[in-house]
Every structure is written in C-alpha cells, then in structure tokens.
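Colleague: 3D, please:
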Amino acid sequence: MDWFYARNGQQQGPVSESYLSQLAGGGEVTADTLVWHSGMAHWEPLRDAASTFETPLRPCGVCGRTLPSTELAMFGDAAVCPACQPAYVQRLAQGMMPSVTTVAGVPAMHYGGFWIRAAASVIDNIILQIAQYAILLVLGISRVNTIAAPGERAGSALAAFLIVLALHCGYYVFFWISDGAAIGYKIVGLEIVRPDGSPISAGQAFGRYFAYGLNVFTLGIGLMMAGWDDEKRTLHDRICGTRVIRTR
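Modeller: Here you go, the predicted model:
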C-alpha cells in the first residue's frame with residue numbers, strides 16, 4: 001500500500017508503509033503528521049492512521065517518537081523506545097515515577113503544587129540552618145565580634161556570607177544533580193526534572209539556584225506562581241526550564 005504524507009504544507013510520496021515507518025522512527029514524520037492512502041475518506045494524523053498499518057505504529061511514552069510497536073518495550077501501559085529504555089528502567093529501579101506521554105506526545109506528569117513545595121523547603125531550610133550554624137561555630141565565626149575592629153568585623157561577616165552561600169549552593173546543586181531533589185523534596189515525594197521528565201543538567205542546577213534569588217525582587221510572587229501555573233512552575237522553573245513532579 002502506498003502512503004502520502006504532508007511536510008511543510010506540501011504533499012510527499014507515494015512511499016511504502018515500511019518507509020513511512022522509518023521516517024516516523026527517524027523523527028521526520030511525527031504523530032501529528034497528516035497521512036493518507038487510497039481508500040481513506042480524508043487525511044488523518046499519523047497517530048490515528050497508524051493502527052491500520054500491517055505493523056501498527058505507536059508513540060514512545062517518553063520521547064514521543066512514533067515507531068513500529070514491535071520495537072517498543074511495554075512497561076505496564078507505557079510503551080518505551082530502545083533509546084529511552086535505559087533511563088526509564090533506571091528510574092523504575094530507583095522507585096521513581098517515570099514520566100510518560102500521552103498519545104499526542106504531551107508529558108503526563110503529576111506536578112508538585114505550591115503548598116507541598118513550601119513544606120519541602122521548610123525541611124531543607126531547617127537542615128541548612130543546623131549545618132551552617134555548626135560549621136560557623138567550629139570556625140569561630142558564628143557571630144561577629146562587636147569588640148573587634150571594623151575591618152575585622154567586615155572580614156568575619158564576609159567570610160560567614162561566603163561560607164553560607166557555598167553551603168546552600170553546594171547542598172542544592174549536589175542533590176539536584178545526583179538524586180533529582182534535595183532531602184526535603186525527597187521526603188515529601190518531589191523531584192526536579194526537565195519538561196520531558198529527564199534529569200536536569202549541572203548548568204540547569206546552578207542556574208536554578210541563582211535564579212531562585214530573583215524571587216526576592218518579586219516580593220514572593222515568583223514563588224506563588226506555582227499556585228496558578230498549569231504546570232505548577234515558579235519563576236525560577238520558567239527561567240531554567242525545569243518542572244517539579246510528584247514521585248508517589
């Protein structure tokens with residue numbers, strides 16, 4: 001059977017069913033691409049027409065690429081392509097909830113809202129407050145000596161600020177990269193990911209930490225955005241392209 005498909009508003013083809021499957025696997029043809037063959041009443045998106053293939057096509061539940069169903073591995077109701085399987089299996093082994101996509105290729109994630117994120121942040125802040133007090137106490141700069149000379153006081157204050165900054169930045173960035181979330185988020189069952197559900201990069205982790213500071217200038221509105229955004233994104237989530245999802 002010969003197939004035709006649309007690309008950039010132009011009709012392409014005819015091509016064989018197997019070749020159309022190859023185009024779908026390579027990403028040139030997507031689930032939304034309009035296709036047609038003789039006998040069809042009208043053009044349809046590939047996702048709707050794929051069931052009529054001799055080897056039906058199905059979108060990968062992670063990346064959304066449309067592939068022959070024989071090339072996809074099934075994990076419950078989720079179909080996963082070979083390229084996405086290692087990361088998907090790893091997340092399952094870690095007890096996480098891997099994100100999957102709908103037929104249209106849209107990530108079906110359970111986002112963490114404002115209040116659960118606030119509770120997680122309180123836990124993280126308690127941990128950091130205890131850690132920073134202990135570190136500064138050991139170093140002997142837990143408080144600025146008012147008897148010391150102004151220059152010494154300024155030096156102690158600067159040292160304390162840099163130590164606290166390094167502690168906070170290191171804490172969040174380390175856990176975001178290594179485990180997807182800091183301790184507070186893990187306790188309540190949250191994880192920070194990219195829009196496709198994959199782990200964030202080191203650059204995103206550093207960027208997200210410093211972008212968080214911008215919420216000071218928004219009087220907290222940047223944080224409250226999670227309460228009305230469709231994907232529960234805060235200002236720093238929007239800037240860095242991250243999402244906070246529930247893992248249980």
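Colleague: so what does the helix or strand encompassing residue 178 touch, helix or strand wise?
Modeller: Using DSSP states H and E, residue 178 sits within helix 150-179. Counting contacts by 3 or more C-beta pairs under 8 Å, 6 or more residues apart in numbering; DSSP states H and E, helix 150-179 packs against helix 114-139, helix 183-188, helix 202-212. All C-beta atoms are positioned from the backbone trio N, CA, C, and that covers glycine.
Colleague: so which of the ones you listed comes closest to residue 92?
Modeller: Closest approach to residue 92 among these (C-beta to C-beta): helix 183-188, 16.9 Å.
Colleague: So for that closest one, what gets flagged as buried?
Modeller: 184, 185, 186, 188 (16 or more other C-beta atoms under 10 Å).
Colleague: could you give me the average pLDDT of it?
Modeller: Taken as a whole, helix 183-188 has an average pLDDT of 93.
Colleague: how about the buried residues of helix 183-188 in a markdown table, adding distance to residue 229?
Modeller: Below are the buried residues of helix 183-188 laid out as a markdown table (distance: C-beta to C-beta, whole Å):
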| residue | distance to residue 229 |
| --- | --- |
| 184 | 21 |
| 185 | 18 |
| 186 | 23 |
| 188 | 19 |
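Colleague: Just give me the closest of those residues to residue 90.
Modeller: The closest of those, once distances to residue 90 are taken by C-beta to C-beta, is residue 186, at 16.5 Å.
Colleague: What's the local residue count around the closest residue in space to the closest one that isn't next to it in sequence?
Modeller: Nearest residue to residue 186 in three dimensions, chain neighbours excluded: residue 179, at 6.8 Å (C-beta to C-beta, 6 or more residues apart in numbering). By other C-beta atoms under 10 Å, the residues close to residue 179 number 16.
Colleague: still on that earlier bit, the inter-axis angle of the helix holding residue 178 versus helix 114-139?
Modeller: Taking axes from the mean of the first three to the mean of the last three C-alpha atoms, to 10 degrees, one finds helix 150-179 and helix 114-139 inclined to each other by 130 degrees.
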